[in-house]
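In: need coordinates for the below:
(chains A, B, C and D)
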Protein chains: 2
Amino acid sequence: MAKSDTRLKMIQTAADLFHRQGVNATSVDQILAKSGTGKSQFSHYFKTKNGLIQASLKYLHEIVREGKTPTGYNVKTWKDMEQWFQKYIDFQKSVDFERSCPIGTIGNDISSGQPYLRREVIAFFEWGRGQLVQFFGDRKTAGELIPEADPEALADFCISIMEGGMLLTKMQGNTHMFENAAKQALAHLKSLRKKKT
Amino acid sequence: MAKSDTRLKMIQTAADLFHRQGVNATSVDQILAKSGTGKSQFSHYFKTKNGLIQASLKYLHEIVREGKTPTGYNVKTWKDMEQWFQKYIDFQKSVDFERSCPIGTIGNDISSGQPYLRREVIAFFEWGRGQLVQFFGDRKTAGELIPEADPEALADFCISIMEGGMLLTKMQGNTHMFENAAKQALAHLKSLRKKKT
DNA sequence: TTAAAATTGTACCATTCAGTACAATCAATT
DNA sequence: AATTGATTGTACTGAATGGTACAATTTTAA
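Out: Below is the predicted model of the structure:
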């Protein structure tokens, strides 16, 4: 097994288990067993569990940035925006409601006493937020939003609903609340759009 | 120490640590040390860690129902509704942004393989949701909401934003996103209210 | 007072945890 | 082929985990 293979397999397996079970419920040994790797490689590549957590966060950030996930932050049109929530809902349906947002799950498990890890989480949300801020800003510049519309506030609004909705889905085992919340969110956005003349 | 004292102290300490650190990051021994109790009492009252988790969830549900928490679901007026989000924001500020929603935190840590625990979580949200549904339903009956307003969807909308907002606050160490999201949520609710004639 | 029950303290167990030690093996370059 | 460095397998360590055993003590009530 080549270097990159082993290292990547560990990161992918870790990210998957962290996402499903949480960081604290996932042991290094479990990751190694599932990825078919050994402890010496783990020690060599990551040294500690925190090292692997950090690498997993970077990896998740990267694949979302590169659009390799079913969900993401590539929103350019109002149609994209309307589908933005739906993609998260569809994702949760596809995994039997057993996962919420990976960064949200992992981020919630990371204590404030681990600033390096928290910084990775914050970097992710800053980027994602920036993507949505850009979208709403562009739409406003294009004259498609009323002057009172605040791009930053709208981005925060959407992300909050997505995070909360996904968490509720996981806890309740269905997407009903998330779907209702998303519908209201889209209605709010619509009310801020200028009517076509 | 009387029975109720010991038992209650364990539950309160457990609920506090579960809320702050998560369930999986909190050991039974830590709870016992902090509450000044012993393992034999623990075994006697709760038998297992899951037993204590369940008792903690019931306890949290109870104190929220009884209005003994700074936040809650006692919403009767539009003024209450406007303050509903703010109370959560103020709470997070008061704890240095180190906690999100207790039920959200604990619920996220509970796997689907523990149906008894998950049921407690679901029961809590069903109750809280019911409180908000009742509020919006009452307001609609009173003619204060437009016919298109869906009380259930509005409840889910508010709870999603609260959960997501609190999670983002904890991860980011500030309430900026939550505050923006809450502001948008209230704007949306306002847009569904009938203008006074 | 006394017997039964509830409560508690201490020690212990098997398992799992994160992390280390170190020799063995592989791959690349010369 | 020889050397060097990267990679890997196996075994181990000490600490922490959840849970148990059991005797001792306190409380309750007859």
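
In: going forward, measure contacts between C-alpha atoms and count neighbours the same way
Out: Will do.

In: which one is A:Asn180 nearest to, not counting chain neighbours?
Out: Nearest residue to A:Asn180, sequence neighbours excluded (CA to CA, 6 or more residues apart in numbering or on different chains): B:Ala153, at 4.7 Å.

In: top helix in chain A by residue count?
Out: helix A:115-141 (DSSP state H).

In: what packs against that one?
Out: helix A:49-65, helix A:102-109, helix A:151-172, helix B:151-172 (3 or more CA pairs under 8 Å, 6 or more residues apart in numbering or on different chains; DSSP states H and E).

In: just send these back as a markdown table, with mean pLDDT and mean neighbour count too.
Out: Formatted as a markdown table, the helices and strands packed on helix A:115-141 follow (pLDDT from 0 to 100; neighbours: other CA atoms under 10 Å in any protein chain shown):
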| stretch | mean pLDDT | mean neighbour count |
| --- | --- | --- |
| helix A:49-65 | 97 | 19 |
| helix A:102-109 | 97 | 24 |
| helix A:151-172 | 98 | 26 |
| helix B:151-172 | 98 | 26 |
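
In: B:Ala14: which of those helices is closest?
Out: Evaluated with CA to CA, the helices and strands packed on helix A:115-141 place helix A:102-109 nearest to B:Ala14, the distance being 16.8 Å.

In: quick one: that closest one to helix B:151-172, angle?
Out: Per axes from the mean of the first three to the mean of the last three CA atoms, to 10 degrees, the angle that helix A:102-109 makes with helix B:151-172 is 60 degrees.

In: residues from chain A in reach of DNA strand C?
Out: Taking CA under 7 Å from any atom of the strand as the contact definition, chain A meets DNA strand C at A:26-30, A:39-40, A:43, A:47-50.

In: mind redoing it with 6 Å?
Out: A:27-29, A:39-40, A:43, A:47-49 (CA under 6 Å from any atom of the strand).

In: if we can go back for a sec, closest one to B:Phe18 among the helices and strands packed on helix A:115-141?
Out: Proximity to B:Phe18 (CA to CA) singles out helix A:102-109 among these, at 11.2 Å.

In: just the C-alphas of that closest one, formatted as CSV.
Out: Taking Å, rounded to 0.1, in the frame of the first residue of the first chain, the C-alpha atoms of helix A:102-109 are listed here in CSV:
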residue,chain,number,x,y,z
PRO,A,102,-20.2,16.4,9.5
ILE,A,103,-18.5,19.6,10.6
GLY,A,104,-21.4,20.3,13.0
THR,A,105,-21.1,16.9,14.5
ILE,A,106,-17.3,17.0,14.9
GLY,A,107,-17.3,20.6,15.8
ASN,A,108,-19.7,20.0,18.7
ASP,A,109,-17.4,17.3,20.0
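
In: for the helices and strands packed on helix A:115-141, give me CSV that also has distance to B:Asn180.
Out: Output for those, formatted as CSV (distance: least, CA to CA, whole Å):
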stretch, distance to B:Asn180
helix A:49-65, 24
helix A:102-109, 19
helix A:151-172, 5
helix B:151-172, 9
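
In: among the residues of chain A next to DNA strand C, which are in reach of DNA strand D?
Out: A:39-40.

In: B:Asp109: which of the residues of chain A next to DNA strand C is nearest?
Out: Distances from B:Asp109 to these, taken by CA to CA, are shortest for A:Ser27, at 14.7 Å.

In: since we're on the closest one, how many residues are nearby?
Out: Using other CA atoms under 10 Å in any protein chain shown, the number of residues around A:Ser27 comes to 13.

In: give me the distance between it and A:Lys9.
Out: 16 Å (CA to CA, to the nearest Å).

In: thinking again about what came up before, mind checking which of the residues of chain A next to DNA strand C are in helices?
Out: Using DSSP H, A:28-29, A:39-40, A:43, A:49 are the members of these that sit in helices.

In: just give the number of residues close to the residue nearest to A:Phe135 when sequence neighbours are not counted.
Out: Of all residues not flanking A:Phe135 in the chain, A:Lys76 sits nearest, at 6.0 Å (CA to CA, 6+ apart). Neighbourhood size, A:Lys76 [other CA under 10 Å]: 15.

In: which residues does the closest residue to A:Met171 other than its chain neighbours contact?
Out: Spatial nearest neighbour of A:Met171, excluding adjacent residues (CA to CA, 6+ apart): B:Gly107 at 6.0 Å. Applying CA atoms under 8 Å, 6 or more residues apart in numbering or on different chains to B:Gly107 gives the contacts A:171, B:118, B:121.
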